Structure formats: structure tokens, C-alpha cells
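K.L.:
Quick one, what's the 3D model for this:
(chains A and B)
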There are 2 protein chains.
Amino acid sequence: MTDAIEGQMPAYPIVDIHTHVYPDSYLVLLRSRTTVPYIYDPPDGSPARLIILSSDDNPSIPKEKRGRPVDSTYSDISLKLSFMRKHNITTSVISLANPWLDFLPAQDASHWAERINNDLESICAAQYAKAKASRSSSNTTSSGADAGTGQTLPLNEYYSLFAFGALPLSAPDTNVIVNEISRLASLKFIRGVIMGTSGLGNGLDDPALDPVWGGLERTQTLLFLHPHYGLPNDAFGGAETVERYGHVLPLALGFPLETTIAVTRMYLAGVFDRFPKLAILLAHSGGALPFLAGRIESCVAHERKFLANGGNVAGPKKSVWDVLNQNIYLDAVIYGDVGLKAAVHGAGSGDRVLFGTDHPFFPPLDGKDGQWLSVVTNRKAIDGAFGADSDAAKAILGGNAVRILNLGS
Amino acid sequence: MTDAIEGQMPAYPIVDIHTHVYPDSYLVLLRSRTTVPYIYDPPDGSPARLIILSSDDNPSIPKEKRGRPVDSTYSDISLKLSFMRKHNITTSVISLANPWLDFLPAQDASHWAERINNDLESICAAQYAKAKASRSSSNTTSSGADAGTGQTLPLNEYYSLFAFGALPLSAPDTNVIVNEISRLASLKFIRGVIMGTSGLGNGLDDPALDPVWGGLERTQTLLFLHPHYGLPNDAFGGAETVERYGHVLPLALGFPLETTIAVTRMYLAGVFDRFPKLAILLAHSGGALPFLAGRIESCVAHERKFLANGGNVAGPKKSVWDVLNQNIYLDAVIYGDVGLKAAVHGAGSGDRVLFGTDHPFFPPLDGKDGQWLSVVTNRKAIDGAFGADSDAAKAILGGNAVRILNLGS
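P.N.:
Below you'll find the model as predicted:
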């Protein structure tokens, strides 16, 4: 079911909505820094290191071994396209990888957001132009007529790119953020914005974010909510314990738990009551939200502090299930059919779950040039849960993204 | 489907495996303390307060309002039986509520463990004797012949109790713990042990716990793993944020996330490789483990630090799915069919999922004397997912517990 021949154009769109890039301008920015996040170029000429997680910035490890090597998969778009071809992905919605622009001094935020978002738009526009030129100079049509023939298509043909923009969250004034949201909505290839869980620095239940939620709602901009900060080391038993298991605890648990906490705080603060049309795509199938939604709902129903139970704190009005079914979309980056089925069940329908890869992260360790284990695992989960080429699988693999993000036009 | 008439004996066993007590001796112990966990008796005679979570011990709240009132549901067994009767529960496997004996000075651990475990055994034995006397003095039989007649049975009849013991984890020597495990295995009504996530103080991946795992494995004692410590306030954005939403963040998220982290650390440390017959019942359907298992598996497969990937740290050998299907049981305290179905799917089969109530926690806030919302929600999830009175529902409601915990004898 996942034995698709590499480079064979699928008969239906396969859209990767969770795929990151560091445009060149962002790498320049990271190279200018010496604290997380930063890029370190060892003076001995060994490969540059990217240190973006505080757990990576371990002083007991020599700098030239901290973090991970910055290979060209982070910024070279031809490698993104080649990855798409390898996994039969027709369309990618690229987003700046964490930690986005969270760390910028206030006065720099607006400048860098505009520069990086324009870079993203240009990358998508260039690919659009290239594909168009390639189509008009060949005998193939743009309607996907090659689908299923098994013909290997030339790289860059039909492979389209869209992007989620980044926001200048550290700007001195939320107007700056809202203006960037409006500007992004006018760009041809931008289809939403990506954001971490820190917001303006105080989490996503911060009332100061209301203008931002308002701006997203008004422009019907999808928010891709993505973790970066994980959990404090103490949650895992301290730095030594975290270090013992490499990246497993921060990435396998810290990331999804951070997302779960962030969106629950939004829910408890009534964000979805005040902004009923806010649309959020949660990374990693919502962290653990679909699984824990019932417990959240029950704890809210038993919390004396909330108005509904005689207390004096507003508390959420909408049920968490309504939020899952009305405001939230989930990616399908969950690496197994247990989680995938629960995500679809929690979202109320497979129409709210969208395929993604997390490229360029989780590359195969075997050094071979085949399809990536991480991608195949997610693809297998979809095919296994719903049947390869079933309508439900096709919707998750691409149909939903085309509809929700308006990728057909 | 959950409209069962209160007090009507069901036609099949309904076993509550997640139901807590504080025996009188434990209340004496808590009253002797002034730091968490403790019981505070206000000098003005207002109701005593139980402060067991550090988030409850908020210095900005007057002591007489901290925590929750200690009502008699915590220790009065006749109220436990009346709760069982109200929810048509035939059998309860009671356990000491958190934080168990984790906080005891080393020299006191063994004494209190023995005293409290003997209390638990006595409570169960007394109920057994009462039910037996009641049966032999009446015309009804013990075979459940009344099932389905709608007759209201006298309180204490057929309602049986078993218990999970507590361990003297702070004892100066693990031999003391292992000896208590062996002693508990010889007691008539003890069916396992309950434990928090702290272990000997350093978490459950601590190699010093190996003799304990060995003792549990050798005596085929089920370990009921239960959260207590939650996550550091920082994980939620600080104490003020936690406080804003009452108990919701620590209970709805902190508890299950703590369990997920604890069992993942055990897994990563190879505990299930070294003790392949260790059997663990995870509270709250495993926290978020069933949902995140795929991500854990994927992160392990991509971790360069582990031997299997060319690193120098052992790493787990068994897959996380094998652990879920061979070592782990899950309770059904998950408050919704999305989580319940994922728990059953993750456990590999409904044969490893067991009904529970979390009594006396999450009582209804409406002050009415009906069935509890928290219990009805969990019951509805089971009936909704599998059909009321279906074989699958019956197994989760009681059949599995009878088989796994040997409650028939």
C-alpha cells in the first residue's frame, strides 16, 4: 500500500502541510547569534551545527557536536522538491521551522517577518513559474494526465509550493502583527501563518492576543500551531535524565504535551468562545488533545471555580468536543493508526485531518536514499486505517488540504 | 444504556479497579503533618481540609479554604458500598489514594506500610464476612440469582472488596520493599500494589528499582501506576496561570502527562526488556501513552544515541506496541469514547482495559444524590463504543478484572 514507485505521479493530490524550511535569510539571522537559536560554524571547517532546542545546548558537549548538522535540506528548495518526488507528494505548504521569530528583539521583529515572508512567497512563486514554463514547453498537460502511467516526470513539473507565513510576535505593538496578517492574506501563495505556543511571551491564553485572533478570524487565516519549547527538564526528572535518552523525551513527549497544554489554555480562557470562527491546525495530531479531550471536559464540569458551577471565573462555554469539530484541524503526523484513528474520531470526521511529513526532520539514519521511514510510517497509518486509495485516505492525503487551504486556484 | 436502576444487581460483574480510600490510620498520619500532604482542622470547627497537591497549598488562600474538604467518603466504607450500589458496581478493588507513603521518613516507611496494608486487608475481610453472613441468613444465593429481577438487595450483600497495597518506597533498603511485596502476595484480599511515579525518589527508570520490579514479577503482582506529582507549574505558564483555572490544568493534563512520562522513562530504560513479565495497570487509560505510542516508537527509531542506531546507549529493545500488548493494562477512566477506543486499540484488545471510577474524587457539584456525572460519562463511553451489554462492554466493565486479578476465587 505504500509501495508507490518513487516519482510516479499519484492520481490524486498528495499535500504535505507540515514541512519546514529555513530560507537563506533565516540562516543569516541564526549565524549572527550565539545563544539558542543559533548556527555554529566550527573554525576547523567541520559541518555547521544548528542549535534550536535548549536541550541541545548542553555545555558538557563540545559546540561542534551540539544540536544537529545544518545540511542543505533545511534551505535548498531543489532538495524539498526531490523529497516530494521521492514520496509522491504533489504539493507542499512550507513553513518556517521553529523557533520562527519568537526570539527577536522588539525593534527587529517587523523587518525580519516581512523579509522572511517575502522570501517564502518568492520561493513559491519561483516554483510556480518554473512549473508553468516546464508545462508549456512540453507535451504534457497540467491536468495530471500522466497520473498512473508510471512515467517519471521531470523534477519541478507539477510540484507546487504554498506557504504559511511567520508573525513578528515580539513587535512592540500588536498592530504590527495584525498588519502583517493582513499583508500575508494578500500574497498569492501564503495560505496561513505558523505560530509557537509562546504568543507574545505569556502563552496563548494571554488576553493581549485578542487582536491577533481577531485579525486571523477576520482574514480567514488558518493558524498552524506548532510546539518548540517542550516541557521544563524537571518534568522529565531533570537535565541528566533528558540527556540520557537523546532527543526522545523532548521530541516524543515534550513537543506534543506542549501543544496540548497551549491549546487547552486557549480553550479554558474562552478564546474559542470569543473568536468562534478562529481556525487552528494543530501539529502532531493535536499533541494529546484528542485522547485527553474527555478528561478536560470532565475536569471543567467538576471545577467549582467556573461560573457554570457557581464560581467566579468565566470558564469555557463551548464544549471541548465542539472546539475540536469546529475550530481545530489536525495534521496526520502521528506515526501509527491508533493515534490517527483517534485524531479522526476526535476531530469528528476525517475531513479535518491533513497529511504531513515534518520534513526535513526525522531523516532516515541508514544513509540510504530510499523513502523515509518517518514518512512511510505516517503514510502506512493512513492507508492501514482507511484502505489505500479509499476516499477517506485520499481526503487526508490531499483532498482536505486542497479544500481547506484553497490550493486548487 | 446507562439508565440502569440504582441498586439493581447487574447480570454480570461490574468491577471498579480505580477507587481510592484513606483508611483511618492514614488520616491519623496526615493529621500529624503540616506540609503537603496534610489534613488541616480549622480551630473554628469548620470542616477539615485535605491538602495533597502542592498546587492546593497556595499561601494566598487561607488554610481553611485550601485543598478540599475531607468528607467521610474518603474513609467510610459504608459510603463506598453505597456508591457501588448506586452505580451497580459489584466489586471494588480499593487502593490508598495519592500520595500513598512517598513522603515518609525512611525509618517510618515500613511500619506505616504494614499498618495501612493490614487495614486494607481487614476492610476487605470484614466486608467478605458481612456478605457471607448476610447470604447464609437469607434465602438468596450467592450465585447472582437475583440478577435482572430489579429487586433491591440489602446493602453489603454481594458487594465484595479487594485491595491494592501500598509500598514503603522510602525505606532505607529495597529489601524492605521487596519483603512487603512478598507479604502482600500472601494476603487473601490483596490483588496488587499501587505506586506513584517517583519510585525511590528518582523516577521509575532508576536502576535501583530493579529488585522491586523483580519482586513484582516473581510474585506475579500487578502494579497500579498512578500519578500524583503532575508537572512543574512552569509547564503550564507558571503558578498564576495554573491557579486561574482551578484544578483543571494539573488534573486534566498534569496527571495524565506525568503518567505518560513515567512509563516512557521505564520503557526507554529497558525495564520491560529486563522484566518481560512485569504487569502494569496504568491510571487514566495510560495518560496519553496509547495516542503517543507511535511518536515514541518513531523518535526511538530516529535516535542516534541508541545502540540500534550506532550509538552507545542501550535503548529499548521491545517495541512500544509490544509493551502495550504484553505488559500494560489500562483503566477505562478516560471520560469519552474517543479516548476509550484509542485505549482499546493501543492495548491491542479490549481484554486489557478495565472499568474504574476514581471515587471518591470528582463527585457531582449539583449536591443531588443521583449517579455521578464522572461515573456515568465513563460508563457511557464503554456502552457507546461497544454497545450496552455487549461482550466487549462486559469484559471492560468487569470480566477482564475478574480474570486478570483472580477475583472469582
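
K.L.:
So which bits of the longest helix along chain A are buried?
P.N.:
Criterion DSSP state H: the longest helix present in chain A is helix A:106-136. Applying a neighbour-count criterion of 16 or more other Cβ atoms under 10 Å in any protein chain shown, the buried positions in helix A:106-136 are A:109-110, A:112-114, A:116-117, A:119-121, A:123-124, A:127, A:130-131, A:134. All C-beta spots, glycine's among them, are computed from the backbone N, C-alpha and C.

K.L.:
Output the contacting helices and strands for that helix.
P.N.:
For helix A:106-136, the packing partners by 3 or more Cβ pairs under 8 Å, 6 or more residues apart in numbering or on different chains; DSSP states H and E come out as helix A:24-31, helix A:77-86, strand A:91-96, strand A:160-166, helix A:174-185, strand A:190-195.

K.L.:
Can you check what angle separates it from helix A:77-86?
P.N.:
60 degrees (axes from the mean of the first three to the mean of the last three Cα atoms, to 10 degrees).

K.L.:
Which one of the buried residues of helix A:106-136 is nearest to chain B?
P.N.:
For the buried residues of helix A:106-136, the closest approach to chain B (Cβ to the nearest Cβ) belongs to A:Ala109, at 21.5 Å.

K.L.:
ok so, going back, so which of the buried residues of helix A:106-136 comes closest to B:Asn312?
P.N.:
A:Ile116 (38.6 Å; Cβ to Cβ).

K.L.:
Just list the residues touching the closest one, thanks.
P.N.:
Going by Cβ atoms under 8 Å, 6 or more residues apart in numbering or on different chains, A:Ile116 touches A:Pro23, A:Ser25, A:Tyr26, A:Leu96, A:Leu101, A:Ala166.

K.L.:
Can I get the residues you listed in JSON lines including distance to chain B?
P.N.:
Below are those laid out as JSON lines (distance: Cβ to the nearest Cβ, whole Å):
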{"residue": "A:Pro23", "distance to chain B": "25"}
{"residue": "A:Ser25", "distance to chain B": "28"}
{"residue": "A:Tyr26", "distance to chain B": "24"}
{"residue": "A:Leu96", "distance to chain B": "22"}
{"residue": "A:Leu101", "distance to chain B": "20"}
{"residue": "A:Ala166", "distance to chain B": "22"}
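
K.L.:
Quick check: the two most widely separated of those residues?
P.N.:
The distance between the two most remote of the contacts of A:Ile116 (Cβ to Cβ) is 12.2 Å, for A:Pro23 and A:Leu101.

K.L.:
Can you give me the end-to-end span of stretch A:161-176?
P.N.:
Distance between the two ends of stretch A:161-176: 27 Å, counting by Cα to Cα, to the nearest Å.

K.L.:
Report the buried residues of it.
P.N.:
Those would be A:161-171, A:174, A:176, for stretch A:161-176 by 16+ other Cβ under 10 Å.

K.L.:
which pair in the residues you listed spans the largest distance?
P.N.:
Distances among these were taken as Cβ to Cβ; the most separated pair is A:Leu161 and A:Thr174, at 29.5 Å.

K.L.:
what's the nearest residue to A:Ser374 if we skip its chain neighbours?
P.N.:
A:Phe362 (3.8 Å; Cβ to Cβ, 6 or more residues apart in numbering or on different chains).

K.L.:
check which helix or strand covers that neighbour.
P.N.:
Using DSSP states H and E, A:Phe362 sits in no helix or strand.

K.L.:
Repeat that for A:Val344.
P.N.:
Per DSSP H and E: A:Val344 is located in helix A:337-347.

K.L.:
before we move on, what about A:Ile334?
P.N.:
Using DSSP H and E, A:Ile334 is not contained in any helix or strand.

K.L.:
hang on, isn't it packed against A:Ala343?
P.N.:
Yes. A:Ile334 lies in contact with A:Ala343 (Cβ atoms under 8 Å); the separation is 6.1 Å.

K.L.:
Identify the contacts common to these two.
P.N.:
The contact lists of A:Ile334 and A:Ala343 share A:Ser285, where a contact means Cβ under 8 Å, 6+ apart.

K.L.:
now what about the helix-or-strand element of chain A with minimal mean pLDDT, what contacts it?
P.N.:
None of the helices or strands of chain A scores lower by mean pLDDT, DSSP states H and E than strand A:68-69, at a mean of 86. Taking contacts as Cβ under 8 Å, 6+ apart, the residues outside strand A:68-69 that touch it are A:Pro47, A:Ala48, A:Arg49, A:Leu50, A:Asp56.

K.L.:
What residues does the last one make contact with?
P.N.:
Same thing as A:Asp56. A:Asp56 neighbours (Cβ under 8 Å, 6+ apart): A:Val36, A:Arg66, A:Gly67, A:Arg68.

K.L.:
Ramachandran angles for A:Asp210?
P.N.:
phi -50, psi -40 (degrees, to the nearest 10).

K.L.:
Which residue, other than its chain neighbours, is closest to it?
P.N.:
Per Cβ to Cβ, 6+ apart, closest to A:Asp210 is A:Arg274, 6.9 Å.

K.L.:
Looks like that neighbour contacts A:Trp213 (just checking).
P.N.:
Yes. Between A:Arg274 and A:Trp213 there is a contact at 7.3 Å, judged by Cβ under 8 Å.

K.L.:
Mind checking which of the two has more residues around it?
P.N.:
A:Trp213 (19 against 14; other Cβ atoms under 10 Å in any protein chain shown).

K.L.:
Distance check, that one against B:Pro211.
P.N.:
54 Å (Cβ to Cβ, to the nearest Å).

K.L.:
now chain A, which segments are flagged as low pLDDT?
P.N.:
A:1-9, A:138-158, A:409 (pLDDT under 70).

K.L.:
from the contacts of A:Ile116, which would you call buried?
P.N.:
Buried subset of the contacts of A:Ile116 (neighbour count, 16+ other Cβ under 10 Å): A:Pro23, A:Tyr26, A:Leu96, A:Leu101, A:Ala166.

K.L.:
Am I right that the residue nearest to A:Ser374 is in contact with A:Trp372?
P.N.:
Yes. A:Phe362 is within contact range of A:Trp372, at 7.0 Å (criterion: Cβ under 8 Å).

K.L.:
number of nearby residues for the residue of the stretch 151-300 of chain A found nearest chain B?
P.N.:
Chain B sits closest to A:Gly294 of the stretch 151-300 of chain A, with a gap of 2.6 Å, by Cβ to the nearest Cβ. Here the number of neighbours of A:Gly294 (other Cβ under 10 Å) works out to 25.

K.L.:
That one: what's it in contact with?
P.N.:
With Cβ under 8 Å, 6+ apart, A:Gly294 has these contacts: B:Ile334, B:Tyr335, B:Gly336, B:Asp337, B:Val338, B:Gly339, B:Thr377, B:Ala381.

K.L.:
Give me the secondary structure label for it.
P.N.:
Using DSSP: H, G, I helix; E, B strand; the rest coil, the structure places A:Gly294 in helix.

K.L.:
Could you find the closest non-adjacent residue to it?
P.N.:
B:Gly336 (2.6 Å).

K.L.:
can you count the residues close to A:Lys318?
P.N.:
Around A:Lys318 there are 15 residues (other Cβ under 10 Å).

K.L.:
which SS state does it fall under?
P.N.:
Under the three-state scheme (three-state DSSP), the conformation of A:Lys318 reads as coil.

K.L.:
isn't it right next to A:Val271, touching?
P.N.:
No. Judged on Cβ under 8 Å, A:Lys318 makes no contact with A:Val271 at a distance of 10.0 Å.
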